[in-house]
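Student: next one to model:
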Amino acid sequence: MKPITRPAVTGLIVLLCLLFPTLAHGDTTDEQGDTTWAVAPADAQGPDGRRMIELELDPGESASDHFAVTNLSGHEVTFRLRAADGYFNENGRFNTIPSDQESVDIGTWVQVEDEVTIPAKGVAVVPVTITVPQDAEPGDHAAGISASLLQVSTDESGSSVGVESRVGFRLTVRVTGEVRAAVAVQDVETSYDTSWNPIRPGAATVTFKLVNEGNVRILGQGVLRIGGHEIAFPAEGESKQELLPGDDRSFTLRVDQLWPTILIKGSIDATPEAASERAADVVVPPVSSEISIVAVPWPQAAVVLGILLIVFALAMNRGRNKRKVADLVEQAREEGRRAANEENKK
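Tutor: The predicted structure follows:
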């Protein structure tokens with residue numbers, strides 16, 4: 001379970017919009033003492049071990065389910081309940097829109113009680129109903145269901161100070177119809193960092209976006225291939241990046257030990273997978289984007305130019321020496337001829 005940390009804030013009411021871990025667990029402190037709670041999908045008896053509620057419904061169809069709010073504190077607590085449209089932030093963590101924003105998609109399909117009061121160490125199983133509109137777009141829709149506490153106080157200046165601590169879990173509905181799985185590589189930027197040591201290679205940086213152009217959730221992943229190197233994204237040990245329909249995720253990859261060969265060619269090969277538990281029903285076609293990096297070997301060129309200048313200088317000096325020797329030989333011959341002529345005259 002992941003605790004929620006309440007930050008110190010001043011001024012107007014501040015909404016702390018927390019992410020939705022697998023086991024949502026909250027912890028705050030007020031005049032009643034520590035308040036700790038957990039939220040999870042459930043059946044009619046209590047938490048059932050699911051990470052999320054995942055449904056497949058036709059347009060116009062309704063479904064009922066449950067979730068459990070567990071009060072782990074030593075006092076009675078009233079929690080505010082809310083369903084809202086969800087999204088993934090740039091770090092790949094799931095969240096819901098802030099409380100001061102209205103849902104426009106699946107958050108409006110969910111009917112849930114406004115609040116629930118739970119005694120100390122008690123558990124409340126809350127029913128939830130999802131009704132898909134007749135005109136709902138086919139594909140995956142994501143929301144979050146949360147239980148929250150809003151603590152409001154007044155500071156020395158008289159201003160309201162508040163924190164909403166909110167935890168919950170994900171709700172995903174796939175609306176039946178034409179399912180499209182597609183991904184694109186966009187906004188590719190490249191640069192090359194030259195090593196001015198001519199016997200050392202440089203490094204390249206490749207930045208791009210992976211865009212979910214389909215209507216189902218996908219796991220974004222792939223490989224950058226360039227100059228004989230293969231760089232996986234996400235990196236080994238990192239979680240695969242889930243993208244909702246219309247989402248994009250930025251990647252920045254650095255390739256070391258890359259020799260400058262004027263024009264380095266490579267490719268970004270995306271091999272996404274379906275993220276749903278019904279992954280077998282969806283095949284996401286791979287996509288490849290060709291890239292080129294301009295990498296002029298200036299240090300190596302300078303070395304070659306220096307060698308050529310040395311060779312040229314040696315060649316020029318050798319030519320001058322040859323001419324000087326030839327001139328001396330000719331001068332000696334001329335002096336010999338003059339001496340011979342003078343001897344003949346005697």
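Student: residues in contact with the closest residue in space to E61 that isn't next to it in sequence?
Tutor: Among residues not flanking E61 along the chain, V132 sits closest, at 5.5 Å (Cβ to Cβ, 6 or more residues apart in numbering). From N, CA and C alone the C-beta is placed, and that goes for glycine too. Neighbour list for V132: 57-62, 109, 173, 175 [criterion: Cβ atoms under 8 Å, 6 or more residues apart in numbering].
Student: test my guess that P47 contacts H66.
Tutor: No. Judged on Cβ atoms under 8 Å, P47 makes no contact with H66 at a distance of 9.4 Å.
Student: what touches both of the two?
Tutor: Shared contacts of P47 and H66, counting by Cβ under 8 Å, 6+ apart, come down to P41.
Student: helix/strand/coil for R320?
Tutor: Judged by DSSP: H, G, I helix; E, B strand; the rest coil, the three-state class of R320 is helix.
Student: oh, that last question was meant for G107, not what I typed.
Tutor: The three-state assignment at G107 reads helix, by three-state DSSP.
Student: before we move on, the earlier item: for the residue nearest to E61, phi and psi?
Tutor: Dihedral pair for V132: phi -90, psi 130, per degrees, to the nearest 10.
Student: against M52, how distant is it?
Tutor: For V132, the distance to M52 (Cβ to Cβ, to the nearest Å) stands at 17 Å.
Student: again with T261
Tutor: 48 Å.
Student: the more surrounded of these two?
Tutor: Using other Cβ atoms under 10 Å as the criterion, T261 and M52 rank with M52 on top: 17 against 13.
Student: what residues are up against the more buried one?
Tutor: Neighbour list for M52: 41, 169-172 [criterion: Cβ under 8 Å, 6+ apart].
Student: quick one: which of those residues sit in strands?
Tutor: Using DSSP state E, the members of the contacts of M52 that fall in strands are 41, 169-172.
Student: need the residues you listed in a markdown table (columns: pLDDT, neighbour count and distance to F79).
Tutor: Shown next, in a markdown table, are these (pLDDT from 0 to 100; neighbours: other Cβ atoms under 10 Å; distance: Cβ to Cβ, whole Å):
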| residue | pLDDT | neighbour count | distance to F79 |
| --- | --- | --- | --- |
| P41 | 98 | 21 | 16 |
| F169 | 97 | 23 | 14 |
| R170 | 97 | 19 | 18 |
| L171 | 97 | 27 | 17 |
| T172 | 96 | 20 | 23 |
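Student: could you dump those to TSV with distance to S288?
Tutor: Below are the ones in strands among the contacts of M52 laid out as TSV (distance: Cβ to Cβ, whole Å):
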residue	distance to S288
P41	39
F169	36
R170	31
L171	35
T172	29
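Student: these two touch, right, D247 and E213?
Tutor: No. Applying Cβ under 8 Å as the test, D247 and E213 come out as separate, 10.0 Å apart.
Student: just the buried subset of the contacts of V132, please.
Tutor: Applying 16 or more other Cβ atoms under 10 Å to these, the neighbour count classes 57, 61, 109, 173, 175 as buried.
Student: nearest to H75, of the residues you listed?
Tutor: Distance to H75 across the buried ones among the contacts of V132 (Cβ to Cβ) is lowest for W109, with 34.3 Å.
Student: next one: the closest one relative to V125, how far apart?
Tutor: Noted for W109: a distance of 21 Å to V125, by Cβ to Cβ.
Student: so where is the chain shaky, pLDDT-wise?
Tutor: 1-33, 153, 155, 160-162, 277-281, 319, 321-346 (pLDDT under 70).
Student: count of neighbours near D140?
Tutor: Using other Cβ under 10 Å, D140 has 26 neighbouring residues.
Student: so what's it bridging to?
Tutor: On the basis of DSSP bridges, D140 is bridged to R174.
Student: list the residues that contact it.
Tutor: Neighbour list for D140: 172-174, 215-217, 244-245, 276 [criterion: Cβ under 8 Å, 6+ apart].
Student: try it again with 6 Å
Tutor: 174, 216-217 (Cβ atoms under 6 Å, 6 or more residues apart in numbering).
Student: tell me the strands in the stretch 201-346 of the chain, going along the chain?
Tutor: With DSSP state E, counting those that start in this stretch as the criterion, the stretch 201-346 of the chain has strands at 202-212, 218-220, 222-226, 229-233, 241-243, 248-258, 262-270, 273-274, 287-295.
Student: for A313, find the nearest of these.
Tutor: strand 262-270 (27.5 Å).
Student: which strands and helices sit next to that closest one?
Tutor: Here strand 262-270 touches strand 183-193, strand 222-226, strand 287-295, going by 3 or more Cβ pairs under 6 Å, 6 or more residues apart in numbering; DSSP states H and E.
Student: that one pairs with which strands?
Tutor: Partner strands and pairing direction for strand 262-270 (DSSP bridges) are strand 222-226 (antiparallel), strand 287-295 (antiparallel).
Student: could you give the bridge partners of L258?
Tutor: Beta-bridge partners of L258, as defined by DSSP bridges: G202.
Student: quick check: domain ranges of this structure?
Tutor: Split into domains by automatic domain parsing, the chain comes to 13-175, 183-296, 298-346.
Student: run the chain-centre distance for the second one.
Tutor: In other words, domain 183-296. Offset of domain 183-296 from its chain centre (Cα atoms, centre = their mean, to the nearest Å): 11 Å.
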